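> predicted model and sequence below, questions to follow.
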Amino acid sequence: MESEPEHGEPLQVTTGEMAYGPHAVARHDGKVLFVRGAAPHEALEVVVRESHERFAFAEVTRVLHASPLRRQPPCPLLPRCGGCPWQHLEYAAQLAAKQSIVREQLRRLAGLDVEVAPVLPSPREYGYRRRIKLRVDHGVVGFHAAASHTLVEVAHCLLAEPQVDAAIPSAVALAAALPGIRRIELSGGGAGGRVVAAGEVEGALRDADAARAQAWLAAHPGIAGLALRGRGWARAWGDVEVAADPEDGTALRVRAPGFTQVNTDANRLLVDAVIRAVAPRPQLRVLDLYAGAGNLSLPLRRRGALVTAVEQESRAAADARDNAARTPGPRLTVLTEPAEHAVARLAAAGERFDVVLLDPPRAGAAACLAGLLRLRAPRLVYVSCDPATLARDLKRLRAAYRIAHVQPIDLFPHTYHVETVVQATLSCDPPPPGVSSAPRHESTAPPRRRRS
């Protein structure tokens, strides 16, 4: 259980490397300090705000000797806003820190001492987000403050694509028109280059609310469509289809609020890395788990691979089928079921695939691992947005698979998040269920917290 925050006398510390989180790591009296707002290798005065037996969270009160990697962040909302906790670091330093984090997570959590390639940088450092999620609380529209549930009011966001940034005032007007709305997502790539808005609403949608939503859409010509949903209901007005093409010649369309990668240009780097890892060719059998609307399936299919895509969300699966109908290639088989169910069923049926590709959510693919070890595809390509859950899953897979390549990609500049593409090859028979050959390692990453 967490203790009460401590606000004692300032401490003087020297930081080491960045942690997987919004902190740099320091030590004081044998306790690990996770220091928000710090840069690597600098002398600081800090105050502990939350203390535990072996670690504490602290904030910078004074920079005594600044790191050469520190810079003045251009966003006027910092340091209050919690959305860009690494914006005070030079971009090259962010990339180096992310490479180190991936390497250390694999070493400490999975016992894997493997080479990690340099992080592929985002083509754009700012103005790269094609999709932003705004919170609404008592009429305030913005992002959560650092280490808090308090909202920082937002009129502009330096990370958003220009058309998405320009739509933030429209989101503020939507929150005023619909008092029950709690979240608003703005996505670029709508019809005519306009933005699509999607919102989550508390309670039922009343007739008056529907009329206000339609009037709001008519009054904001920069918005192509509006999708609202609440418990047990969903409604849409206008055109809520978003274009998010993963490469030239591949048309991806997703109905809001369906998932798309936030960084269009960096997503193309991701798709290219996956293509190189899979090496698609005609008749190559690929199982794509957590396939979404086809961001990875369609480019592989376009190169002749026979792709079976698994996606449990019915609307995303339907989008994948529609997208396949728009693009050339062999038939795309789409299974609408949880990935772990599909893997277990296909393994039990004796199905064989040349490559299994998986791109799970942040929680990882733990439920699929036993089935993957039974399926025994010659190659695995694991796309991860969380190095810790990636390491946890590779720890179980390492008894049967050898890591061939690890390629991090920066889809999220100014945050600690990093995408990683891991290519693995089958090296031996899988161990009995529950058996792992990986040694146990202690992690120095900060503990998982709901809001850090």
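All right, it came through fine.
> count of residues packed around residue 324?
Number of residues near residue 324 (other CB atoms under 10 Å) recorded here: 23. Every C-beta, even on glycine, is put in place using the N, C-alpha and C of the backbone.
> can you point out the buried residues in the helix or strand harbouring it?
Per DSSP states H and E: residue 324 is located in helix 314-326. Going by neighbour count (16 or more other CB atoms under 10 Å), the buried part of helix 314-326 is 315, 316, 317, 318, 319, 320, 321, 322, 323, 324.
> what sits up against it?
If you take CB atoms under 8 Å, 6 or more residues apart in numbering as the criterion, helix 314-326 is touched by 251-255, 258-259, 291-294, 297-298, 301, 309, 311, 331-332, 334-336.
> and the most centrally placed residue in the chain, what does it touch?
By CA atoms, centre = their mean, the chain has its centre lying nearest to residue 385, at 5.0 Å. Contact analysis of residue 385 by CB under 8 Å, 6+ apart lists 361, 362, 411, 417, 418, 419, 420.
> tell me which element the last one falls in.
With elements delineated by DSSP H and E, residue 420 resides in strand 419-426, which encompasses its position.
> for that strand, packing partners?
helix 264-278, strand 379-384, helix 387-397, strand 401-409 (3 or more CB pairs under 8 Å, 6 or more residues apart in numbering; DSSP states H and E).
> direction included, what does the shortest one pair against?
Using DSSP bridges, strand 379-384 pairs in its sheet with strand 355-358 (parallel), strand 419-426 (antiparallel).
> would a markdown table of these with mean pLDDT and distance to residue 168 be doable?
What follows is the strands paired with strand 379-384, written out as a markdown table (pLDDT from 0 to 100; distance: least, CB to CB, whole Å):
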| stretch | mean pLDDT | distance to residue 168 |
| --- | --- | --- |
| strand 355-358 | 98 | 35 |
| strand 419-426 | 98 | 26 |
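> so which of those strands is the most packed in?
Highest mean neighbour count of the strands paired with strand 379-384: strand 355-358, a mean of 25 (counted as mean count of other CB atoms under 10 Å).
> quick one, what contacts the residue lying closest to residue 16 once chain neighbours are set aside?
Of all residues not flanking residue 16 in the chain, residue 25 sits nearest, at 4.9 Å (CB to CB, 6 or more residues apart in numbering). Residue 25 sits next to 15, 16, 17, 18, 19, 32, 33, 34, 35, 444 when contact means CB under 8 Å, 6+ apart.
> now, which of these sits nearest residue 67?
Within the contacts of residue 25, proximity to residue 67 (CB to CB) peaks at residue 15, which comes in at 7.6 Å.
> where's the closest one relative to residue 156, distance?
Distance check for residue 15 against residue 156: by CB to CB, to the nearest Å, it reads 31 Å.
> between these two, point out the one with more neighbours.
Of the pair residue 15 and residue 156, residue 15 is the one with more neighbours under other CB under 10 Å, namely 23 against 12.
> the more buried one contacts residue 34, doesn't it?
No. Residue 15 lies out of contact with residue 34 (CB atoms under 8 Å); the separation is 10.1 Å.
> ok so, going back, going through the contacts of residue 385, which ones are buried?
411, 417, 418, 419, 420.
> I'd like those as JSON lines, with distance to residue 108 appended.
Output for the buried ones among the contacts of residue 385, formatted as JSON lines (distance: CB to CB, whole Å):
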{"residue": "411", "distance to residue 108": "23"}
{"residue": "417", "distance to residue 108": "19"}
{"residue": "418", "distance to residue 108": "16"}
{"residue": "419", "distance to residue 108": "20"}
{"residue": "420", "distance to residue 108": "15"}
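> so for the nearest residue to residue 348 once chain neighbours are set aside, what's the pLDDT?
With sequence-adjacent residues excluded and distances taken as CB to CB, 6+ apart, residue 348 is closest to residue 374, at 7.9 Å. On the pLDDT scale, residue 374 is placed at 97.
> state the distance from residue 374 to residue 345.
11 Å.
> tell me the SS of residue 299?
helix (DSSP: H, G, I helix; E, B strand; the rest coil).
> you'd agree it is up against residue 278?
No. Using CB under 8 Å, residue 299 is not in contact with residue 278, being 9.3 Å away.
> got the contact list for residue 42?
14, 15, 63, 64, 65, 66, 67, 70.
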